[in-house]
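# coords below, sequence missing:
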């Protein structure tokens, strides 16, 4: 009889805590201690009673939702640094551009070290361990990084303003002497396309052979690859039908909810844990300047090929990629991982319009 009562009580607590609504995030700071539901709680998992254990789990779920929002703010800061880096590169300020790359690596490391959703008890352990070991060091580092972003952004704008004035003055002087001959503008032409990749040229998707893109004034081409493996195709192609009632997705994330036969709601979240690319470019670096860079997602490395100042010529490019997906949240069952891999080929020609 006592066993039955305890089992009934346990089921009651499970239903109550899992169905409790999560509060909205109210903090817009990069500081991971501000508005954090667990920032002032003790660091040890309390298993002295079911009530205290479930209370800690609920608080951990609140904090996990808070950290999901916080990761989005870190992602936005990462993209902002990326834009500042591009600005310094255009000005030829390699030292500042390198500083921006170092800051991006720090943001990527912090995001990867943040706690992850796992099983019932492991979720609490992960959160308490992070709170006791990394929360405050990360808070100090993120506050410093946020200050550095503002400082370098201000510095970039001042430099752009100065160089803009100088360029205008030089242009006026040149016009007084001689007019520069008109040159035929160049464009980017897609000559070959095959494999398991989607490609993007300066942010625009390549849909087929024959696509043309204008060559920017900076003469910099950013070619980005996206591996179209089984898991990504599944996520992007998933539709709201049958028992699937809600879908939220990007190229690197999938969350969906299903109506269970018993009347409950099941939820699963997939996210890229690690995705890497390897490039082969012909002609070699001795014939054209290029380098490998990272795109906007923190868990994806070497997905961008950057060509600098290309002249009228063609580039034959091969790329291979591997992607590891994992469930960051799953209502039922054990966490899952899936691996995708594939190759792609593209040939682009730089030619007069």
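It's in. A quick note: this is a predicted structure, and the numbers were derived from the prediction, not measured. Numbering: from 1, shown residues only.
# how about stretch 72-83: buried residues?
73-74, 77-78, 81-82 (16 or more other Cβ atoms under 10 Å). For every residue, glycine as well, the C-beta is placed using N, CA and C.
# for the stretch 51-200 of the chain, what spans make up the strands?
Remark: strands assigned in the stretch 51-200 of the chain by DSSP state E, counting those that start in this stretch are 186-195, 197-201.
# from residue 282, how far off is the spatially closest residue to residue 195 that is not a sequence neighbour?
Closest residue in space to residue 195, ignoring its immediate chain neighbours: residue 344 at 3.4 Å, by Cβ to Cβ, 6 or more residues apart in numbering. Between residue 344 and residue 282 the computed distance is 15 Å (Cβ to Cβ, to the nearest Å).
# that older thread, hey, which of the strands of the stretch 51-200 of the chain is tucked in deepest?
Most buried of the strands of the stretch 51-200 of the chain by mean neighbour count (mean count of other Cβ atoms under 10 Å) is strand 197-201; its value is a mean of 20.
# what's the angle from it to strand 186-195?
170 degrees (axes from the mean of the first three to the mean of the last three Cα atoms, to 10 degrees).
# contacting residues around strand 197-201?
Contacts with strand 197-201, where a contact means Cβ atoms under 8 Å, 6 or more residues apart in numbering, come from 188, 190, 193, 205-206, 211, 213, 221-228, 319, 321, 342-344, 346, 348.
# got it, and stretch 265-273?
Here stretch 265-273 makes contact (Cβ under 8 Å, 6+ apart) with 117, 231, 235, 245, 252-260, 297, 299-300, 323-332, 337-338.
# which members of the residues you listed are positioned in helices?
Taking DSSP state H, the ones among those that sit in helices are 231, 235.
# inside strands: which ones of the contacts of stretch 265-273?
245, 253-259, 300, 323-330, 337-338 (DSSP state E).
# pLDDT at residue 27, what is it?
Note on residue 27: pLDDT of 36.
# with the one 5 residues further on instead?
Reported pLDDT at residue 32 in the predicted model: 57.
# does residue 222 touch residue 202 like I think?
Yes. Because the distance of 5.4 Å satisfies Cβ atoms under 8 Å, residue 222 is recorded as touching residue 202.
# follow-up on the earlier one: going through the ones in strands among the contacts of stretch 265-273, which ones are buried?
254-258, 300, 323-330, 338.
# which one of these sits closest to residue 292?
Closest to residue 292 out of these is residue 300 (12.2 Å), distances taken as Cβ to Cβ.
# and the closest residue to that closest one other than its chain neighbours, how far from residue 321?
Counting by Cβ to Cβ, 6+ apart, residue 300 lies nearest to residue 275, which is 4.3 Å off, once chain neighbours are set aside. Taking Cβ to Cβ as the measure, residue 275 falls 7 Å from residue 321.
# what do those two both touch?
227, 303.
# tell me where the model's unsure across the stretch 251-353 of the chain.
Within the stretch 251-353 of the chain, the stretches with pLDDT under 70 are 284-288, 353.
# look up how far residue 322 lies from the residue nearest to residue 300.
7 Å.
# settle it for me: which of these two has more neighbours?
In this view residue 275 and residue 322 are compared by other Cβ atoms under 10 Å, and residue 275 has more residues nearby, 23 against 15.
# tell me the angle of the helix or strand harbouring the more buried one relative to strand 253-259?
Per DSSP states H and E: residue 275 is located in strand 265-282. Following the same axes, to 10 degrees, one obtains 150 degrees for the angle between strand 265-282 and strand 253-259.
# if we can go back for a sec, just send the strands of the stretch 51-200 of the chain back as JSON lines, with distance to residue 239 and mean pLDDT too.
Shown next, in JSON lines, are the strands of the stretch 51-200 of the chain (distance: least, Cβ to Cβ, whole Å; pLDDT from 0 to 100):
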{"stretch": "strand 186-195", "distance to residue 239": "26", "mean pLDDT": "89"}
{"stretch": "strand 197-201", "distance to residue 239": "20", "mean pLDDT": "95"}
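# out of those, the one nearest residue 138 is which?
strand 197-201 (32.0 Å).
# which stretches of the chain form helices?
For the chain, the helices defined by DSSP H occupy 2-19, 50-90, 94-113, 120-133, 135-177, 230-237.
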